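Enquirer: quick one, structure for this:
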Amino acid sequence: MSDAGPDSLIPYDEIVQEALRAVVGRVLGAVEAAGHLPGEHHFYITFKTAAPGVDIPRHLAERFPDEMTVVIQNRYWDLKVGPDRFEVGLSFNQMPSRLQIPFAAITGFVDPAVNFALQFQAQADAGGIDDHDDAENDPAVAEAAADGSNVVSVDFKRKK
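Expert: Numbers count the residues shown, from 1 in each chain. Take a look at the predicted model:
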């Protein structure tokens with residue numbers, strides 16, 4: 001008897017990842033509505049820089065051709081959250097920049113203040129998450145917890 005179950009005709013993996021991205025949108029929307037981050041909350045958001053709909057300055061796209069992580073903490077402005085993307089102003093090496101990031105491009109969301117993290121595959125990305133350098137927007141203070149508690153990871157593999 002085989003441990004492999006039948007192929008699903010329902011795309012559960014896509015449905016779950018879409019729902020998890022909605023969590024990111026809801027959290028960012030609450031921050032937008034409040035006009036500030038509550039308490040010690042801050043976010044590390046990792047995304048695919050070449051994903052459809054990503055709009056970042058050329059110097060950042062050249063420095064991070066695959067993936068980058070930004071920090072939403074003290075120095076951000078004009079956070080705007082839409083149904084499928086968010087926009088934010090951040091400073092990189094004292095240079096103000098405007099970023100537009102579709103939720104579909106996000107591969108990681110971490111709030112180290114409460115040890116909460118979500119990880120998922122970028123839509124239309126068949127590969128795994130590559131190692132990359134953080135974007136080093138001005139300044140990053142806290143580091144994400146490495147013990148893995150409160151981490152939700154979605155990594156469904158389709159049978160071919």
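
Enquirer: drop to CA atoms for contacts and neighbour counts, all remaining ones
Expert: Fine.

Enquirer: give the other helices and strands that whichever helix or strand T107 is part of contacts.
Expert: Using DSSP states H and E, T107 sits in strand 106-111. Secondary-structure packing of strand 106-111 (3 or more CA pairs under 8 Å, 6 or more residues apart in numbering; DSSP states H and E): strand 43-48, strand 116-119.

Enquirer: for the record, mean pLDDT for the last one?
Expert: Along strand 116-119, the predicted local confidence has a mean pLDDT of 95.

Enquirer: so what's the gap between that strand and the chain middle?
Expert: 9 Å (CA atoms, centre = their mean, to the nearest Å).

Enquirer: in it, which residues are buried?
Expert: Using 16 or more other CA atoms under 10 Å as the test for burial, strand 116-119 gives 116-119.

Enquirer: can the residues you listed go into CSV with extra columns for distance to V88?
Expert: Output for the buried residues of strand 116-119, formatted as CSV (distance: CA to CA, whole Å):
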residue, distance to V88
F116, 21
A117, 20
L118, 20
Q119, 21
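
Enquirer: closest to D7 out of those residues?
Expert: Q119 (23.9 Å; CA to CA).

Enquirer: what angle do the lengthiest helix in the chain and strand 43-48 make?
Expert: Taking DSSP state H as the assignment, the helix of the chain that covers the most residues is helix 12-34. Between helix 12-34 and strand 43-48, the angle comes out at 130 degrees (axes from the mean of the first three to the mean of the last three CA atoms, to 10 degrees).

Enquirer: quick one: list the elements packing against helix 12-34.
Expert: strand 76-81, strand 85-92.

Enquirer: the ones you listed: which one's closest to A51?
Expert: That would be strand 85-92 among those, by CA to CA, at 12.2 Å.

Enquirer: what about this protein, any weak spots by pLDDT?
Expert: Residue ranges of the chain with pLDDT under 70: 1-5, 122-160.

Enquirer: same list (the helices and strands packed on strand 106-111) but as CSV, adding distance to V54.
Expert: Formatted as CSV, the helices and strands packed on strand 106-111 follow (distance: least, CA to CA, whole Å):
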stretch, distance to V54
strand 43-48, 8
strand 116-119, 18
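
Enquirer: then stretch 113-122 to CSV, C-alphas only?
Expert: Taking Å, rounded to 0.1, in the frame of the first residue of the first chain, the C-alpha atoms of stretch 113-122 are listed here in CSV:
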residue,chain,number,x,y,z
ALA,A,113,8.4,41.7,18.8
VAL,A,114,6.0,38.8,19.3
ASN,A,115,8.0,36.0,17.6
PHE,A,116,5.5,35.6,14.8
ALA,A,117,6.4,34.6,11.3
LEU,A,118,4.9,33.4,8.0
GLN,A,119,6.8,31.9,5.1
PHE,A,120,5.5,30.9,1.7
GLN,A,121,6.5,30.4,-1.9
ALA,A,122,6.2,33.4,-4.2
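
Enquirer: having no further points to raise, I will conclude here.
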